[in-house]
Every structure is written in structure tokens, then in C-alpha cells.
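>>> Build me a model from this:
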Amino acid sequence: MYLSKLEIFGFKSFADRTAIEFDSGVCAIVGPNGSGKSNIVDALRWVLGEQGDKALRSGKREDVVFNGTKYRKPLSVAEVAVTIQNNKGKLPTEYSEVQIARRFFRSGETEYFLNGTKVRLKDIKELFIDTGIGPDAYSVIKLKMVETILSDVKNERRKLFEEAASVVSYKHNRDLTYNRLDAVHESLIRVNDIIREKQRNVNALERQAKRNEKAKLVSEELKSLELKTGKYDFEELIREIKDIKSKEGDNLNLKARLSEDMTANDIILDRYRSELQELDSKLSEISLELTSKREEINLIEKDNLVLSEKIKNLQDNINRLKSENDSILSQQKNNFIRKEELSNKIKVLNNTIIISEDSLNEKRLKVESSIEVINSKKNEMIILGRQIKEINKLVSDNKSEYQKNKINYENNLLQLEKLSSQNSSNILQVDSLNEEKNTFEEKLSELIIKLRAAEKVLKEKEDEKISTGKLISAAEKELSELIISHQRVKSQSDYLVSLSENFEDYAEGVKYLLKDIKGKNILTVLDAIEVEDKFKIAIETALGEVSNYLIVNESENTDNLINLLTENKKGKVTFILNDILNKKSFGYAEFDSEDPEFIGTKGVYGFADKFVKCTEDRYILLMKYILDEYVIVDNINTAKRLALDSYYKFITVDGDIYTKGFVRAGGEIKEGSIRLGRQRTIDTLNAESEAFQKRINMHETKLKELNARFESISPEIFKKSMKI
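Next up is the predicted model:
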């Protein structure tokens, strides 16, 4: 694979279309200064995708287009094409000859071509990856690149070696993957924000829906009660109408009877008109009395009917009770007869049992006495057998002992004769030796007393040395443990201080604004709150990605902060406009006027915002807005139980979230990764470090005293041992 042709038109000083052929072997381009040799190299780098204006020795992109001269007009386009022979198939394409072209218009548009087909710059770069060809590859080496390679800067030489080792493709793919991951991460953050906002709206709507359902149930219950009340009123009216109708019938009957009476009376009146005046008063009295008597008769008849019905019921009950009584009496009689029979049988059985038991006891006593006699005889036989064995053994032992004593006696007689002859000479020697013995024994006693006293003193010193050595070992061990604990606490404190001062836990943009930009009245969400240690994990887990957001109390500064991030290429940051939030521009409101039923029950601590203490009152609404849907509980079992019929998110003190029947987040959270209350943790660790340092100083002093004491004991022990 080699460069075979380069065509240039309108690029820098090449106003006319120029074609340069390159044969196999070494080709050189020579010419005086300013003739355009470097422009050829720039054209080659430019067509391969060079984007840097400084690398092309130009101030801006439009400078690569021919600007014209006194006699020639400027051109509007620059075009360079390079032809590469691919006979050995080094390039990943089926063509044996590959032409790469780049065209740039003065308006700023750029086009790339591969064998006449319009492609992207990305396609060109991917074509030449790991081939040694490219704008930054070692195939085009300028004088400045030679100086860079020979310099002590490792990274510059590393690029050349990576290109030669075909590592660039992997790094390119890695960078593309990282860029995609960053884009996906940013998208996920945006999606999580949207989901969080939508979820909050959904939760609010769910709460409203539940309230509507409750209102609907209450309305239906009210409607049912109203229907029942109306039905009862209607039935009362019906009963009243029936009563009125019944009274109306009675009145009609009475009216008919009275009409008949009146007709009769009219006849009588016609006949006895003259007596009418006298009888009118009597007639009125009689009619009234008649009416009252009739009413009394009606009442008596009704009472008679009721009483007759009661008498009939009572008679039935009496008959039923008589029949039951007769059956019970007959049953009692049968039971009594049965009882007498069973009693007689029981008496007979008891007598039989008593007789059998007496006979059985007599036989049992006889058997037991026989067994005792047999056992005693067996024991006597065993004892006699043992005695016979012992007597036989003694007889045999006495026989052997007699033989031995007889032999010893004979030997002793012989020795006695020899010793009697030597006894006379030895008596004199024994007397002299006894005198020397007594003298040496007295001296030995004195030496033993002195030796024991010295050994006692030496033992005391050795014991003191051993105990001092043990104290030194224990002190050294305790000092070592204290130093390790102090170093551990100190390293934890230094690590947390480093994280706090450098904002290592935050994104690049947040770190830049907090560390380098001062006086803008901004802070993180975590800096705005204080939480008890028990609930730190739960609150920080509930905050989630929101903990990386920045609170802005002066929303008019937000544009300036975003411009700073853009200019310095520090990534993206999410801002919370707290002053606007406090004006309730988002229409936030609490839908539930009272706590749910599960608040205050076993295992439920309460809503998360109740355990957050804001550094300023203006952050209270923000915390309620963020944490209003989280409830802190003791464990995941409580969360699962409560989430079955609730729209809240239940979070445990260990940071596990459970909502709507599935776990949203869970797992172990390291103490060092918790950012809430970090300064308080640092202060606690510093106090522990100071306490450890004091204890270390005390133990070092004590250890020096013990070492001095140990060193003084060793010479004394040496002196005592030498004397002994």
C-alpha cells in the first residue's frame, strides 16, 4: 500500500488544479522557500481529516481556500484528492485503488468522498485506523513531530507507539463507547428527572383518584341511606293511608246504619211528629250510648279472640309437656332397672377380683422367696470358687518362694564367712571415714543454706524480669493496636476531608461550580439539610440523583452559570430554582390533609421530610416537594406489607426502597459513600484521633519506663548467677 497520486485545487496557494504522481520507491519534492512544499503536506493532512487550524498553519477554516492575488480572483472552493494503491489489501475495502477526496466551500460546508461516493469523516477515519495513515499518524511526520518524539514527554511518544502497535482502533472504539455511555447517562438522568416528575404527578392523581373513590363510596352510601329513609317514610304513609281507609269504611258503615235509622225515624217522625220534640234529646243520648257500647263490644270481641288463641297455645304446650314427662318417667324407670343389674354384676366381679388377687399374692410371695434362695446359693458358689482359686495360687506361690529362700540362704552363708574375715580390717577404715564425712556434711550444710538464699534472690529477679517482659509485650501490643486504630481513624478522616474539599463525589460541572466559582449563592441539596445518623442512608437513597443537583436562590444567575459550564466544557448540571419554587409557581400543594392510617403503627417511623432539618427555612418547601412520597420504615418486610395497598414509596433505614409491589433499590451501602452529615463524621473522627494520640503518648511513656526497668534487672541477674 502506497501513495500514488495527489490532486490539489483551490487549496492555499494552488489556484490551478495540480496533480502530483508518486512512483514506487522514494519520492522527494524540492523547491525554494515559499514555493508551496509545506502546502502539499498540509493538503495531504487536510484530505485525511485534519480539523485543527493551527496544524494547517492557518488562522481560520476559510484560510485553506485560495484567497486570490493581484491578478487572480479568489476561489470559493478548495478540493484535495489522494489516491492510494491497495494491492495488498491493507485497507478494509475490496478496491485495489482507493481515492479519498475532501471539498470545502467558503460558506463553511465540507464534503468527503470515497471513490467518488459521498461519505462522512467518520467513515474516512475508520478506514485508516491501524494503517499508519491519518492526520496525526506517523505516516506524515513534520519537523515539530520529530522534536516531540525526541523529547522527554512520554505521552507524545506514546501516541506514535500506539499507532505502530495498532492500538488506536481499540482506543477509538473505547472513546466512542465512553461517549455513548456519557450520552446514555445524561439521557438517563433526564429520563429519571422526567419519570420522577411524572411519578409525582401520578401519585398526586392517584391520591385525588382515591379521594374521588372515597367520595363516590360516600355518595353511594348517602344515596342508599336516602333511599332507605324514603322507603321508610313511604311505608309509614301507606300505613297511615290504610288506617284512614279502614276508618273511612267504618264511618261509611256507620253512616249507612245511621241512614237506615234516620229513615225509620223519619217514618216515626211523620207518625209521631208531635212527639219528636220530646224524644230528640232521648234519641241523641241513646245514639251516643249505642255507639260507645258497640265500640266496647268490638274491643271485647278482639280481646276474646286473643285470649282464645293464647289458651289454645297453652293447652298445646301442656299436652306436649305431659307427653315428654311420660317418656322421661319411663326412661328413668328403665335406667333404674339397668342400674340395679349393673350394680349386681359389679359386686360379683369385685368379689372375684379380690379372691384372684389374694391367690396371686400368695403365689407371688412363694416365687419371690424361691428366687431369693436360688440367688443366695449362686452367690455362695461363686464366692467358694473364688476362694478355691486364691488358695491354689497361694500354695503355688509359697512353693516357689520356699525354693528361692533356700538358695539365698545357702549363698548368704558363704558370703557371711567371707565378710566376717574382712570385717575386722574395715572397722578401722570406717571410723576414719565417718569423721571426714561429718566434717564435710557440716560444710555442705552451710553451703546449701547460702546457695538456697542466693537461688531465692536470683529467682525473684528472674520472676521480676519475666513479669516486666510480659508487661512490655502487653504494652507494645496495646501500643501497636492504638497506632493502627489511630492510623485507621486518621486515614478515614483524611479521605473524607479530601472528598469534602475536592467534591470528588460530584459530577465535573458541580465540582467546578462549587470549587472554583465563589459568591454565586449556590449549594448542593445535601448542604441544605441535616439528618440524624440513623436516617442518613434512607434520606440520601430517597434523594437519589437529586442529591447532585445545585440549589440556586437567585434564579437570574442561572444563565451565567450555564454559560460558564459551556465555555469551560464542564458538562451538564441540574439547577433547582428555589426562589421560584417558594413562590409556588409550580402549583405544588399537599393533597392529603391528614396522615394515613399506617403512620404511627409498629415499624413505621414517618414521612421522610419529618426527619430532615433544613439549614434555612427557605429550603423546607423544597424538601417537602422532593420527599413527600417517601415513608421511612424499619425493614423490608414492613415496606412490603404496607406497599400492597398504598401509593407511597417505603424506604428502610438500610436504604432499600419498596413500592407498588416491587423493589426499586436495594443492597449494601458503604459508610464512606454517604455524603449526608460528612462534616459531622469528620469532626467525630478528628476527636477520636486526638483521643488515640493522647493514649499513644501515655503508652509510649509507660513503655520507656518498663524498658529501663527491664535493662536494669539483667545485670543484677548476671551478677547473682556468677556468684552461685
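
>>> Lowest-scoring secondary structure element of this structure by mean pLDDT?
Every helix and strand of the chain was ranked by mean pLDDT, DSSP states H and E. The lowest is strand 662-665, at a mean of 54.

>>> Give me the mean pLDDT for the next helix or strand after that strand.
Moving toward the C-terminus from strand 662-665, the next helix or strand (DSSP states H and E) is helix 678-723. Mean per-residue pLDDT for helix 678-723: 76.

>>> now swap in stretch 623-630 and tell me
85.

>>> Same question for stretch 226-234.
With pLDDT averaged residue by residue, stretch 226-234 scores 83.

>>> Using PDB, list the CA coordinates for it.
What follows is stretch 226-234, C-alpha atoms only, in PDB (Å, rounded to 0.1, in the frame of the first residue of the first chain):
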ATOM      1  CA  GLU A 226     -81.700   8.400  51.500                       C
ATOM      2  CA  LEU A 227     -83.500   5.500  49.600                       C
ATOM      3  CA  LYS A 228     -83.900   3.600  52.800                       C
ATOM      4  CA  THR A 229     -85.300   6.800  54.600                       C
ATOM      5  CA  GLY A 230     -87.600   7.500  51.700                       C
ATOM      6  CA  LYS A 231     -88.800   3.800  51.700                       C
ATOM      7  CA  TYR A 232     -89.500   4.000  55.400                       C
ATOM      8  CA  ASP A 233     -91.400   7.300  55.000                       C
ATOM      9  CA  PHE A 234     -93.300   5.800  52.100                       C
END
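
>>> what's the burial count for residue 494?
13 (other Cβ atoms under 10 Å). The C-beta positions use only the backbone N, C-alpha and C, and glycine is treated the same way.

>>> Revised request: answer the last question for residue 604.
The burial count for residue 604: 18, using other Cβ under 10 Å.

>>> Make residue 1 into 39 and carry on from there
Will do, 39 is the new start, and the previous item becomes residue 642.

>>> what bridges to it?
residue 671 (DSSP bridges).

>>> which SS class is residue 111?
Classification of residue 111 by DSSP: H, G, I helix; E, B strand; the rest coil places it in coil.

>>> Check it and give its pLDDT.
With respect to pLDDT, residue 111 has a value of 87.

>>> ok, now the one 3 residues further on?
Model confidence at residue 114, given as pLDDT, is 88.

>>> From residue 523, how far out is residue 723?
Going from residue 723 to residue 523 by Cβ to Cβ, to the nearest Å gives 11 Å.

>>> Then residue 617?
47 Å.

>>> do the same with residue 275
Counting by Cβ to Cβ - residue 275 and residue 523 are separated by 91 Å.

>>> repeat for residue 663
Taken as Cβ to Cβ, the span from residue 663 to residue 523 is 43 Å.

>>> Sort out which residues of stretch 139-148 are buried, please.
Buried residues in stretch 139-148, defined by neighbour count with 16 or more other Cβ atoms under 10 Å: 139, 140, 141, 142, 144.

>>> the more surrounded of residue 275 and residue 523?
Legend: neighbour count by other Cβ under 10 Å for residue 275 and residue 523, higher for residue 523 (15 against 10).

>>> what helix or strand is that one on?
With DSSP H and E as the test, residue 523 turns up in helix 311-540.

>>> Against which helices or strands is the following helix or strand past that helix packed?
Proceeding N to C from helix 311-540, the next assigned helix or strand is helix 546-554, under DSSP H and E. Helices and strands touching helix 546-554, by 3 or more Cβ pairs under 8 Å, 6 or more residues apart in numbering; DSSP states H and E, are strand 560-562, strand 588-590, helix 596-605.

>>> same for the last one, what does it pack against?
Helix 596-605 is packed against helix 546-554, strand 588-590, strand 613-615, with contacts defined by 3+ Cβ pairs under 8 Å, 6+ apart.

>>> possible to save those as JSON lines with mean pLDDT?
Compiled in JSON lines, the helices and strands packed on helix 596-605 are given as follows (pLDDT from 0 to 100):
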{"stretch": "helix 546-554", "mean pLDDT": "76"}
{"stretch": "strand 588-590", "mean pLDDT": "85"}
{"stretch": "strand 613-615", "mean pLDDT": "85"}
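
>>> With respect to burial, which of the ones you listed scores highest?
Compared across the helices and strands packed on helix 596-605, strand 588-590 shows the largest average neighbour count, a mean of 20 (mean count of other Cβ atoms under 10 Å).

>>> Listing partners with orientation, what would you give for it?
strand 560-562 (antiparallel), strand 613-615 (parallel).

>>> residues making contact with the first one?
By that I understand strand 560-562. Here strand 560-562 makes contact (Cβ atoms under 8 Å, 6 or more residues apart in numbering) with 544, 548, 551-552, 585-591, 595, 599.

>>> Now compare those and name the two farthest from each other.
Farthest-apart pair in these is 585 and 595; separation 21.4 Å (Cβ to Cβ).

>>> what domains does the record give for the chain?
40-173, 544-667 (automatic domain parsing).

>>> Among these, which comes closest to residue 284?
Closest among the domains of the chain, using Cβ to Cβ: domain 544-667, at 54.7 Å.

>>> In three-state terms, label residue 583 for me.
Taking three-state DSSP as the rule, one finds residue 583 in the helix state.

>>> circling back: out of the buried residues of stretch 139-148, who's nearest residue 159?
The closest of these, once distances to residue 159 are taken by Cβ to Cβ, is residue 140, at 8.6 Å.

>>> Adjacent strands (with direction) for the helix or strand where the closest one lies?
In the assignment (DSSP H and E), residue 140 maps to strand 135-143. Using DSSP bridges, strand 135-143 pairs in its sheet with strand 115-123 (antiparallel), strand 148-152 (antiparallel).
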